[in-house]
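*Asks:* What would the 3D arrangement of this be:
(one chain, ligands or ions: 1)
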Amino acid sequence: LESRKKRKKVKKTKENVQEEVLKHTFNPRKGAIKVGATITVSELSSAIGIRASEIIKKLMDLGVLATINQSISGEEAALIASEFQIEIEIEAKDLEDVLKSQATGEAITRAPVVTIMGHVDHGKTSLLDYIRKSQVVRKEAGGITQHMGAYRIYTDAGEMTLLDTPGHEAFTAMRARGANVTDIVILVVAADDGVQPQTVEAIHHAQAANAEMIVAVNKIDLSEANPQRVRQELLSHELVAEEFGGKTTFVEVSAITGQGVEQLMDMIHLHAEMLELKAKVEGLAQGNVIESHLKRGKGPVATVIVKEGTLKVGDYFVAGQTYGRIRAMTNSRGKNLLEATPSMPAEISGLDRVANVGARLHVLSDDKIARQIAERRITRSREEAAVKQRKTQLENLFASIEAQEFIELKLLIKTDVQGSAEALEETFAQLGNDNASVRVIHSASGNITENDVMLASASDAIIIAFDVGMEATAKKVNLDEGVDVRYYKVIYEALEDVKLALQGMLKPHVKEEVIGHCVVREIFNAVKSRQIVGCYVQDGKITKDASIRLMRGDKECYNGPLSSLKRFKEDVKEVGNHYECGVSFESKDVQVGDTIEVYVFVEESITL
Ligand code: GDP
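*Replies:* Alright, predicted model coming up:
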């Protein structure tokens, strides 16, 4: 009893109280705890001073399974911390802090960056082509000799940068990002067709990007053109024509005859002047990646539009998860550039990999920092993807349990340019319904490689190739793997096919296929009242996993699976033509002379 008293006393000392606390916590942090978009369990553990095992337990209560080295989302981390009465702040901290603007000097006027948007078939491409051709005619400017995501247009009123964003809905994502560098959006509306869904979509993107809009009422040369109707329809979208007392400029054009195109160019310059577009020209450059792809002999290249500062050959840069040193720079006429100033599009080479469309490019004075930033971004995005994937897997699991027959069509996408890959990925991801969905397991630019085939094979995915081919080594590998590869030149067709495939998958076609016929020659009454029916295979074959239809003349006496298939006394999987065999099935209504039709169920393969 005495010793017990002693112990009680001891317990009350300060040190021991602390020891008691330390059983559960260690290294407790004081002050605000901040976490990023993701954090590993072990990082969270040391940040909030709670044992990882405790955190894992709490996570399990939340239905999240994570090991000590796995990342959880910032929100999950905050929730867990709150369980321990610890508050943490989620901050999407990025290294952008290091990448503050380093442009200097006085801001001077820059050329406007213009994007053409609108509904499919309303004439975006035609309008771009017309403008491009007019440039070829302008000898001093030179023709446009290479495809680039953006090019310079020279008119009497001044220069502008035109973004050549492909027009189809699949490129919505790219267009949306394109609008972020865009000062002025030309909304093309066909005068014979009026406002259509993608017209509205384009308006929303332009509005979200705070871009100035000019409406080009196209196809004015057609007799059925009704430009007044276009004005009327756009009223409900806050685009009020000047003649209706509003502020929106409408220009009537024809991309075929060229009528009104010059006026449109003038209007663009007028708006640009009103916008007072300015940028600092001196100092380290910042810009945006418009497109990026692999180029023969050049490696990864990117078209960049400079936002501020001066981009120079030899500059170290980071662009999203890419970094490098500018080896060479060309304009859309293929001319080498030593420098690019604000609003100028330039194709740069010297990247370590293909950049993401829309990535911000920052020039840095230090190549090591550029590399570090790019590498950290890669790690981060991997961690974030891991968290995302874990979530979708769970969600999918629940969905499939509920729907019982949840189907997932897995795709691997290869495209000619990175932008298309991203755009396709986003578009495909939106397809599907409660019972079926599309999952893009990988998307990238470039030809189909051996790795792609292996990945697709391992994941039961289909490869969607958009304007790319397959490497010879990959072809060889695919002879064994047999991955379904679909080639497309038109995004729309790829989309339609995937949609159809999804519908097909919802109602899988199961077909009966007759594989042989037998005739009953003898009936043996075997043990346990089981009959063994002795047959002779008349044509085709009979297999153990087949079903049979027992026919007596036109009468069907039995239809169902086989229970056993034997040759002499041996169980066999298959008996071929002109051989005898013994079969049994769940029916006793058999007579000598009956015929047995042997069939199997074949699921018609997904036709894409
Ligand atoms: P996009 O899908 O918006 O790029 O549309 P396109 O430029 O491909 O044009 C769709 C169709 O409309 C093509 O057949 C063009 O020849 C036609 N088109 C485009 N602009 C005009 C125009 O101003 N007048 C007439 N008559 N046809 C046009």
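*Asks:* Every contact and neighbour count from this point should use C-alpha atoms.
*Replies:* OK.
*Asks:* so what's K410 up against?
*Replies:* For K410, the contact set (Cα atoms under 8 Å, 6 or more residues apart in numbering) comprises V438, R439, V440, I441, S459, D460, A461, I462.
*Asks:* out of those residues, which are buried?
*Replies:* Listed as buried from the contacts of K410 are V438, R439, V440, I441, A461, I462; burial here means 16 or more other Cα atoms under 10 Å.
*Asks:* could the residues you listed go into CSV alongside distance to the ligand, secondary structure and pLDDT?
*Replies:* Shown next, in CSV, are the buried ones among the contacts of K410 (distance: Cα to the nearest ligand atom, whole Å; DSSP: H, G, I helix; E, B strand; the rest coil; pLDDT from 0 to 100):
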residue, distance to the ligand, secondary structure, pLDDT
V438, 26, strand, 83
R439, 28, strand, 81
V440, 26, strand, 81
I441, 29, strand, 76
A461, 31, coil, 78
I462, 28, strand, 83
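*Asks:* Model confidence for the residue most central in space within the chain, exactly?
*Replies:* Among the residues of the chain, the one closest to the centroid is E425, at 2.4 Å (Cα atoms, centre = their mean). As predicted, E425 sits at a pLDDT of 81.
*Asks:* Can you tell me the closest non-neighbouring residue to it?
*Replies:* Leaving aside its chain neighbours, E425 sits nearest to V440 (6.3 Å; criterion: Cα to Cα, 6 or more residues apart in numbering).
*Asks:* pretty sure the one you found is in contact with L411, am I right?
*Replies:* Yes. The criterion here is Cα atoms under 8 Å, and V440 meets it with L411 at 4.7 Å.
*Asks:* Export only the CA atoms of the longest strand along the chain, formatted as CSV.
*Replies:* Assignment by DSSP state E gives strand 510-525 as the longest strand of the chain. These are the backbone C-alpha positions of strand 510-525, laid out as CSV (Å, rounded to 0.1, in the frame of the first residue of the first chain):
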residue,chain,number,x,y,z
VAL,A,510,-24.5,-12.0,-76.4
LYS,A,511,-24.8,-14.2,-79.4
GLU,A,512,-25.3,-18.0,-79.6
GLU,A,513,-22.9,-19.8,-81.8
VAL,A,514,-23.5,-23.4,-82.9
ILE,A,515,-20.3,-25.2,-82.8
GLY,A,516,-21.4,-28.8,-83.6
HIS,A,517,-24.0,-31.5,-83.7
CYS,A,518,-24.1,-35.0,-82.1
VAL,A,519,-26.5,-37.9,-82.4
VAL,A,520,-27.6,-40.0,-79.4
ARG,A,521,-26.6,-43.6,-79.9
GLU,A,522,-26.9,-45.2,-76.5
ILE,A,523,-28.2,-44.4,-73.0
PHE,A,524,-26.5,-45.8,-69.9
ASN,A,525,-28.1,-45.6,-66.6
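*Asks:* Pull up the residues of the chain that are close to the ligand.
*Replies:* Within the chain, the positions adjacent to the ligand are 119-126, 167, 218-219, 221-222, 254-256 by Cα under 6 Å from any ligand atom.
*Asks:* Quick one: buried ones out of those residues?
*Replies:* Neighbour-count burial within the residues of the chain next to the ligand applies to H119, V120, H122, G123, K124, T125, G167, N218, K219, D221, S254, A255; the criterion is 16+ other Cα under 10 Å.
*Asks:* Pull the most distant pair out of the residues you listed.
*Replies:* Using Cα to Cα, those span at most 21.6 Å, a distance reached by G167 and D221.
*Asks:* what about the stretch 101-250 of the chain, any weak spots by pLDDT?
*Replies:* 136-146, 165-180, 205, 208-209 (pLDDT under 70).
*Asks:* if you set the cut-off to 50 instead, what comes out?
*Replies:* Low-confidence segments of the stretch 101-250 of the chain (pLDDT under 50): 140, 167-179.
*Asks:* likewise the stretch 251-400 of the chain?
*Replies:* Along the stretch 251-400 of the chain, the parts satisfying pLDDT under 50 run over 391-400.
*Asks:* mind running it again at 90?
*Replies:* Applying pLDDT under 90 to the stretch 251-400 of the chain flags the ranges 288-299, 320-321, 331-335, 353-360, 364-400.
*Asks:* all strands in it, in order from the N-terminus.
*Replies:* 278-283, 286-295, 299-308, 311-312, 316-319, 322-330, 336-337, 339-340, 345-351, 360-364 (DSSP state E, counting those that start in this stretch).
*Asks:* where does whichever residue of the stretch 251-400 of the chain sits closest to the ligand fall, phi/psi-wise?
*Replies:* Among all residues of the stretch 251-400 of the chain, S254 sits closest to the ligand, at 3.4 Å; criterion: Cα to the nearest ligand atom. Taking degrees, to the nearest 10, you get phi -130, psi 120 for the backbone angles of S254.
*Asks:* residue contacts, it?
*Replies:* S254 is in contact with L127, N218, K219, I220, D221, G260, V261, counting by Cα under 8 Å, 6+ apart.
*Asks:* repeat that with 7 Å
*Replies:* N218, K219, I220, D221, G260 (Cα atoms under 7 Å, 6 or more residues apart in numbering).
*Asks:* sec struct for L239, please.
*Replies:* The local conformation at L239, judged by DSSP: H, G, I helix; E, B strand; the rest coil, is coil.
*Asks:* State whether it and T248 are indeed in contact, as I suppose.
*Replies:* Yes. With contact defined as Cα atoms under 7 Å, L239 reaches T248; the gap is 5.7 Å.
*Asks:* Look up phi and psi at the residue in the stretch 351-500 of the chain positioned nearest to the ligand.
*Replies:* Of all residues in the stretch 351-500 of the chain, Y492 sits closest to the ligand, at 11.4 Å by Cα to the nearest ligand atom. The phi and psi torsions at Y492 (degrees, to the nearest 10) take the values phi -60, psi -40.
*Asks:* can you give me the helices in the stretch 1-150 of the chain?
*Replies:* Using DSSP state H, counting those that start in this stretch, the helices of the stretch 1-150 of the chain run over 2-11, 14-22, 41-48, 52-61, 74-83, 124-137.
*Asks:* Quick check: V520 touching C535?
*Replies:* Yes. V520 is within contact range of C535, at 4.4 Å (criterion: Cα under 7 Å).
*Asks:* burial of E481, as a residue count?
*Replies:* Residues lying near E481 (other Cα atoms under 10 Å) number 15.
*Asks:* Which stretches in the stretch 451-600 of the chain count as strands?
*Replies:* Using DSSP E, counting those that start in this stretch, the strands of the stretch 451-600 of the chain run over residues 462-466, 485-488, 510-525, 531-540, 542-543, 547-552, 555-561, 564-567, 570-571, 574-575, 580-584, 595-603.
*Asks:* just those: most buried one?
*Replies:* Among these, strand 542-543 has the highest mean neighbour count (mean count of other Cα atoms under 10 Å), at a mean of 26.
*Asks:* Residues contacting that strand, please?
*Replies:* Contacts to strand 542-543, defined as Cα under 7 Å, 6+ apart, come from residues G516, K573, E574, V575, G576, V598.
*Asks:* Indicate each strand paired with that strand and its parallel or antiparallel sense.
*Replies:* Using DSSP bridges, the strands paired with strand 542-543 in its sheet are strand 574-575 (antiparallel).
*Asks:* average model confidence for the partner strand?
*Replies:* Regarding strand 574-575, the rounded mean pLDDT is 92.
*Asks:* contact partners of it?
*Replies:* By Cα under 7 Å, 6+ apart, the list of residues contacting strand 574-575 from outside reads K541, I542, T543, K544, C581.
*Asks:* 6 Å instead?
*Replies:* Residues outside strand 574-575 that contact it (Cα atoms under 6 Å, 6 or more residues apart in numbering) are K541, I542, T543.
*Asks:* What is the burial count for the nearest residue to A255 once chain neighbours are set aside?
*Replies:* Residue nearest to A255 in three dimensions, not counting chain neighbours: L127, with 4.7 Å by Cα to Cα, 6+ apart. Using other Cα under 10 Å, L127 has 21 other residues around it.
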